[in-house]
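Asker: This is a predicted model, with the sequence first.
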Amino acid sequence: MGQPPLEADLTSRRGRTDPLDGLAEAFFSEIQPLLEAPWAVAINDLVYSQTRGQRPPDFETRIQYARALMRLAAEDYETDKIVFEVRALLKPQSALREPELASRVMSMMAVA
């Protein structure tokens, strides 16, 4: 098993004249998937009218998807496990949009 990408990048910088040059860009590129989950959860606060902030154009669809996902998780162990893993930052937010799961959630949305 190899080094994690950022650690490998740090190792490859040894011996450079300026080993820190470009490190911030590499770091922020690597950390984006980890930051996605907490920010995605924070957007749910926008359901409250008193919450200030710009609502994305697809906000209503996101909320409907989240509600259907929670209904599905309440009756399906595998979905509940994925939701837990995303909230615990063990999996990226994109795991909630994998094609098979998304299809099941969309079916749940159609029933509502």
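Answerer: Now that the structure is in, tell me what you want to look at.
Asker: which residues sit in contact with the nearest residue to R55 once chain neighbours are set aside?
Answerer: Nearest residue to R55 in three dimensions, chain neighbours excluded: L46, at 5.2 Å (C-beta to C-beta, 6 or more residues apart in numbering). Yep, even glycine has a C-beta here, placed from its N, CA and C like the rest. For L46, the contact set (C-beta atoms under 8 Å, 6 or more residues apart in numbering) comprises 53, 55, 59.
Asker: and what of A68?
Answerer: 105-106, 108-109, 112.
Asker: secondary structure element for it?
Answerer: Assigned by DSSP states H and E, A68 belongs to helix 59-75.
Asker: average model confidence for that helix?
Answerer: The predicted model assigns helix 59-75 a mean pLDDT of 93.
Asker: about what we covered before: restricted to strands, list the contacts of A68.
Answerer: Residues of those located in strands (DSSP state E): none.
Asker: Make a PyMOL selection of whichever of those residues turn out to be buried.
Answerer: Selection of buried members from these for PyMOL, criterion 16 or more other C-beta atoms under 10 Å:
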select buried, resi 105+108+109
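Asker: Distance of the spatially closest residue to L10 that is not a sequence neighbour relative to R55?
Answerer: The shortest distance from L10 to any non-neighbouring residue, by C-beta to C-beta, 6+ apart, is to L23 (7.7 Å). As judged by C-beta to C-beta, to the nearest Å, L23 and R55 stand 35 Å apart.
Asker: Can you give me the neighbour number for R87?
Answerer: Per other C-beta atoms under 10 Å, the neighbour tally for R87 reads 15.
Asker: close enough to count as contact, it and A40?
Answerer: No - in this structure, R87 is not within contact of A40 by C-beta atoms under 8 Å, at 9.9 Å.
Asker: can you count the residues close to the nearest residue to A66 once chain neighbours are set aside?
Answerer: Excluding its sequence neighbours, the residue lying closest to A66 (C-beta to C-beta, 6+ apart) is N44, at 6.7 Å. Look at N44: counted by other C-beta under 10 Å, it has 12 neighbours.
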